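**Q** sequence below, structure please.
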Amino acid sequence: MAARGRCPECGSGSLVEDAHYAQQQLVCAACGCVLSEGLLTTTYTDEEHLREVAYSQSTGQKEQLSRCLQRGIRRVQDLCKVLQLPAVFEDTAVSYFQRALQLPAFHLVSLEKKELLGGCCVFVACRQHRWPLTMGTVCSLLYARQELFASVFLSLQRELGLSVPALSLADLVTTHLNSFRLVQPTASVPAPFLEDKEQLLARTMAIVELASETWLVTGRHPVPVVTAAAFLAWQSLRPGPRLCCPLARFCRLAGVDLPPPAHLRLRELLEILLGMASQLSWLRGFRLDKRTVVKHIGDLLQHRLLLLKRAFSQQDGQGQQDTAPGQGSGSQGSLDKGSGSQGSLDKDSGSQGSLDKESGCPWAGKQQRGGSLRPLLPPCLIHPRKRPRPAAPSAPAVALTGDEPISDSEIEQYLRSPEEIRAFRKAKAWP
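**A** The predicted model follows:
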């Protein structure tokens, strides 16, 4: 529909009225200049009160999402669908992502970090809702390096001021074992290697608790400890066909990666189990090694508190009588009133004997003669590093000449008021 007048931009007289979103606008057909625009309402409240504004000032123009934000929201939603998270988790993660992109700290970051930002928001939402999700799981889904993911996560936590609770060890064990193919009947896993999920989880949890009580978890990455504990639990449930299976093959059958420190954690756990097995009377006639002790893990875990007390000296408040490293005969003899055996402690004091009766364990309770108890300390104190780490080189000392410039922050220390100058001269002239 043609209209009268001329375009102020090009001077053309071909002006038409165009319906844009059901609103009439006067547009130049030659250059496309909009001479006048229709009126739109902003919200439902304005519609009720019949208040109208121009389209350029309406919320439809201002609330358009950027392509970066739209792509990030879709990425967050897709990740939540892959993890099969509840809808409330998705809403929390999307809100964190929208808040993060509004901060200047995330405006000039690389595209890779912006893509990881969505995964960090999902990770935070799961942790806050006590959903057992590990950082390694998110990194595997996003094909990202854990170091880069951790840096983006720390930046997000710092900028938004988020409180992210740590994942408990029990939740981590449950999450880690849920991905094992050994608990799911498949054609690639031999029948003797399949195991019931609940039994494997219960035995692994008991071994992880033992590792926590013996300082094997503190200050270490938890995944290698859980992997070694799951391997021992799996072997101990059916030791016959499984003792010949090494740790590397176990991880391949389970479909999980083998963390490099897992071999060290396995060796430390076996040393603890061998020390506990030496206190069982019915096992003293056998020559146990790191392979055969796995058969008796069930008995060792059932009475682990008493066996730990017998096998290792406890360095606690009552440790005035306990055995120190290299002094097993002297301090233990004072406990046994000169007899040098744990059996006399059971008969004379009755404390350890009553503990044996309460636990119902048919062991004799005698220490191996000639053996000394070692303290139950972290492995880093028992086996310290042979070569200490070199200290960071310090900057060479620069000789002071007295001609160095004085900074503005220090200049006030050298300024004196007239009263201070007079007091200084008076004090200097005092005999």
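
**Q** could you give the average pLDDT over stretch 188-199?
**A** Across stretch 188-199, the average pLDDT comes to 86.

**Q** quick thing: my sequence starts at 460, can you match it?
**A** Renumbered: residue one is now 460, and that last one reads stretch 647-658.

**Q** pLDDT on the host helix or strand of Val583, on average?
**A** Assessed by DSSP states H and E, Val583 sits inside helix 570-587. The average pLDDT for helix 570-587 rounds to 90.

**Q** list the helices and strands the following helix or strand past it packs on?
**A** Downstream of helix 570-587, the next assigned helix or strand under DSSP H and E is helix 594-601. Other helices and strands packing on helix 594-601, by 3 or more Cβ pairs under 8 Å, 6 or more residues apart in numbering; DSSP states H and E, are helix 526-542, helix 570-587, helix 605-619. Heads up, the C-betas are built off the backbone N, CA and C, glycines and all.

**Q** now helix 594-601 against helix 570-587, angle please.
**A** Calculated by axes from the mean of the first three to the mean of the last three Cα atoms, to 10 degrees, helix 594-601 forms an angle of 140 degrees with helix 570-587.

**Q** quick revisit: buried residues, the helix holding Val583. List them.
**A** Buried residues in helix 570-587, counted by 16 or more other Cβ atoms under 10 Å: 572-587.

**Q** any idea which of these is the one closest to Leu765?
**A** Arg586 (37.1 Å; Cβ to Cβ).

**Q** quick check: that closest one touching Ser627?
**A** No: the criterion here is Cβ atoms under 8 Å, and Arg586 misses it with Ser627 at 10.8 Å.

**Q** got a list of contacts for the helix or strand containing Gln557?
**A** Assigned by DSSP H and E, Gln557 belongs to helix 546-560. Helix 546-560 is contacted by residues 527-528, 531-532, 535-536, 539, 565-566, 573, 576-577, 580-581, 583-585, 587-588, 590, 615, 618-619, 621 when judged by Cβ atoms under 8 Å, 6 or more residues apart in numbering.

**Q** shaky segments in this structure?
**A** 460-463, 477-483, 496-524, 772-834, 844-859, 861, 865-874, 890 (pLDDT under 70).

**Q** hang on, the earlier thing: of all the buried residues of helix 570-587, which comes closest to Phe771?
**A** Of the buried residues of helix 570-587, the one sitting nearest to Phe771 (Cβ to Cβ) turns out to be Arg586, at 35.3 Å.

**Q** spatially nearest residue to the closest one (excluding sequence neighbours)?
**A** Excluding its sequence neighbours, the residue lying closest to Arg586 (Cβ to Cβ, 6 or more residues apart in numbering) is Val623, at 5.0 Å.

**Q** the helix or strand hosting Glu657: what's the following helix or strand?
**A** Assessed by DSSP H and E, Glu657 sits inside helix 656-672. Note on helix 656-672: by DSSP H and E, the next helix or strand toward the C-terminus is helix 681-696.

**Q** tell me which element Cys704 falls in.
**A** Using DSSP H and E, Cys704 falls outside every helix and strand.

**Q** so who does it touch?
**A** 652, 694, 712.

**Q** which element is the last one on?
**A** The one in question is Leu712. When elements are defined using DSSP H and E, Leu712 is found to belong to helix 706-713.

**Q** which other helices and strands contact that helix?
**A** helix 681-696, helix 721-736.

**Q** try 6 Å
**A** Using 3 or more Cβ pairs under 6 Å, 6 or more residues apart in numbering; DSSP states H and E as the contact test, no helix or strand touches helix 706-713.

**Q** what's the angle from it to helix 681-696?
**A** Going by the same axes, to 10 degrees, helix 706-713 makes 90 degrees with helix 681-696.

**Q** flag every buried residue along helix 706-713.
**A** 706, 709-710, 712-713.

**Q** span of stretch 744-763 from start to end?
**A** End-to-end distance for stretch 744-763: 20 Å, by Cα to Cα, to the nearest Å.

**Q** quick one: contacts of it?
**A** Contact with stretch 744-763 is made by 665, 669, 694-695, 698, 729, 732-733, 735-736, 818, 820, as judged by Cβ atoms under 6 Å, 6 or more residues apart in numbering.
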